[in-house]
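Enquirer: sequence below, structure please.
(one chain, ligands or ions: 2)
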Amino acid sequence: MSRHPGAGTQPMRRRVVVHEGTDVLPAVAVERVASTWLPTDHARFRMHGFRDSNGVEHVALVHGDVAGAPDPVLLRMHSECLTGDALGSRRCDCGEQLQASMARIAAAGVGVVIYVRGHEGRGIGLLEKLRAYALQDRGVDTVDANLALGHPADARTFDAAAAILRDLGVQRVDLLSSNPLKEHALTALNVEVSRRRGLDVLDRADNAAYLETKRRRMSHDAAGRTSSPPPPPSSKPTSHPTSAPTTTTATDAEVWRSLLAGRPAADPDHELVRRYGPLATAPRVVVAQLAQSADGFITSAAGTGDVVTGPEDHRHLHRLRALVDAVVVGVTTVVVDDPRLTVRETEGDDPVRVVLDPHGRAPRTAGVFTDGLAPTLWLTGRPDVRPPSDQVEVVHLAGPDGGPLAAARVPGAVVAILRERGRGRVLVEGGGRTVSSFLAAGALDRLYLTTAPILMGGGVPGLRFEALGSRTGIHRPTVRRHLLGADTCTEFDLSVG
Ligand SMILES: Nc1nc2c(ncn2[C@@H]2O[C@H](COP(=O)(O)OP(=O)(O)OP(=O)(O)O)[C@@H](O)[C@H]2O)c(=O)[nH]1
Ligand SMILES: [Zn+2]
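Expert: Numbering: from 1, shown residues only. Ligands and ions are numbered 1, 2, ... in the order given. I've put the predicted structure just below:
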């Protein structure tokens, strides 16, 4: 079926030539050789295999109806990276970007991933990239390593990708990339880039220095930015009647600020708006977040606070904190983890910290009582507990007769106490028992349950509750799914039914 161009007798079915401006350049042509289906975790993509006139084979994953689409088509033009894409390397962020872009396109319903072969190592080839890695192991940065080996810092060309877009009938794209040079390359090849936005992929300890170098030396956007700055004059040809000016779009930071301000953001498609829009605009809402292994444990048996989910889930938790007025934890979490419960991994104000401690077990030396980072409410059934510092307000939980409050009534009482203090937006953050008790009491509007793809076999249990009053014991709320790196966050809407 597949044959090298010119090597066989079968004529090429399509040949697309891309010219830069009106110049006749050595153009790259592509031939569509095969089309099939590719079911993936994200969507069932139509997959087209192309061979370019240099003999390099590429694939395009197409979702939805992209040919002649009236709106710009979401595009990921992904440079081949065996180590990142196939082997899960943490030296770069390629694998995560590829998965995130497939998820994004699946969610949007329309889009294209072009997997560009021949781009390995920014165009220097796999083994040369490994030699560059070996230099980087000795402290050379990613740019100087290429140069030291006699290669340009970036040897990629995007003609084949532009030709594939033509073949697919795509003229206008929303580009998923942090690299402005990709945008300029497409524009120069007469593909209209209506905007460019980065993917919400976090730096990790193993790739932070590499990503920092790309930002400092290779003009990649700063973390979290998704802007489309105008291209540098030298890279934009003047003779381009068909290429429209690039529009600047809201950055992640701007979208996040509008969410913090409770304003429905302009772009309903933005990942942050999709994820947090409903929470940001509700004046009163009680949500919970819990992270657990696929078999339902939040930490090992020793309860030493090993975190089962990855950094994206961690950042998600900080975003939830920033969007609420109060964050509630059970006393065991305070005793075992001594958490700060402040907002550190995103912009936003710290919520008031609430310790739920029916028997007065929390140590007076706990950070939430002594660090002075944010006010704390200590909710306890023990009448003799006094505030350990000015930052702490003690509220005594008592039943109607002044005696201990029944466990099943505690969640409702907590919400009422917080509302009396003008704290209508509440996050219940842990541990497993506290979140489960709010769920079982019907006190939650939303539950974000993040599952890590790991099996623990035992440990401190996550969600455990009695069947929620349904006869089958199975409860099927409406859900939305968010991919957070390797983890999956399922958002249960519990406000109905
Ligand atoms: N030479 C070299 N190539 C690398 C290195 N790390 C990753 N790559 C290659 O870089 C390519 C991806 O480029 P990146 O700079 O990560 O990102 P980009 O494609 O320019 O921009 P994004 O669209 O935001 O991903 C892949 O082909 C990788 O194989 C490295 O340290 N040295
Ligand atoms: Zn990579």
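Enquirer: from Asp267, how far out is Gln292?
Expert: 32 Å (Cβ to Cβ, to the nearest Å). Where C-beta positions appear, they are placed from N, C-alpha and C, glycine not excepted.
Enquirer: please apply the same query to Gly430.
Expert: Applying Cβ to Cβ to Gly430 and Asp267 gives a distance of 32 Å.
Enquirer: returning to what we had before: give me the more crowded residue out of Gln292 and Asp267.
Expert: A direct count of neighbours by other Cβ atoms under 10 Å for Gln292 and Asp267 places Gln292 higher, at 25 against 16.
Enquirer: measure that one to ligand 1 for me?
Expert: Counting by Cβ to the nearest ligand atom, to the nearest Å, the separation of Gln292 from ligand 1 is 31 Å.
Enquirer: likewise for Arg421?
Expert: Arg421 is 44 Å from ligand 1, by Cβ to the nearest ligand atom.
Enquirer: dump the residue contacts of that residue.
Expert: Arg421 makes contacts with Val352, Leu377, as judged by Cβ atoms under 8 Å, 6 or more residues apart in numbering.
Enquirer: mind listing the strands for the stretch 151-300 of the chain?
Expert: 172-176, 192-197, 285-293, 297-299 (DSSP state E, counting those that start in this stretch).
Enquirer: roughly how far is the following helix or strand past the last one from the heart of the chain?
Expert: Sequence-wise, the next helix or strand beyond strand 297-299 is helix 311-323, with elements assigned using DSSP states H and E. Computed by Cα atoms, centre = their mean, to the nearest Å, the separation of helix 311-323 from the middle of its chain amounts to 11 Å.
Enquirer: what is helix 311-323 packed up against?
Expert: Helices and strands touching helix 311-323, by 3 or more Cβ pairs under 8 Å, 6 or more residues apart in numbering; DSSP states H and E, are helix 252-260, helix 271-280, strand 285-293, strand 425-430, strand 446-452, strand 478-484, strand 487-493.
Enquirer: what's the closest of these to Phe50?
Expert: strand 478-484 (27.6 Å; Cβ to Cβ).
Enquirer: the closest one pairs with which strands, and in what direction?
Expert: strand 487-493 (antiparallel) (DSSP bridges).
Enquirer: in JSON lines: the strands of the stretch 151-300 of the chain, plus distance to Leu135.
Expert: As requested, these are exported to JSON lines (distance: least, Cβ to Cβ, whole Å):
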{"stretch": "strand 172-176", "distance to Leu135": "30"}
{"stretch": "strand 192-197", "distance to Leu135": "31"}
{"stretch": "strand 285-293", "distance to Leu135": "38"}
{"stretch": "strand 297-299", "distance to Leu135": "40"}
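Enquirer: Throw those strands into a markdown table and include distance to Arg353 and mean pLDDT, thanks.
Expert: Below are the strands of the stretch 151-300 of the chain laid out as a markdown table (distance: least, Cβ to Cβ, whole Å; pLDDT from 0 to 100):
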| stretch | distance to Arg353 | mean pLDDT |
| --- | --- | --- |
| strand 172-176 | 37 | 96 |
| strand 192-197 | 34 | 93 |
| strand 285-293 | 15 | 95 |
| strand 297-299 | 19 | 89 |
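Enquirer: minimum distance to ligand 2: which of these has it?
Expert: strand 172-176 (15.5 Å; Cβ to the ion).
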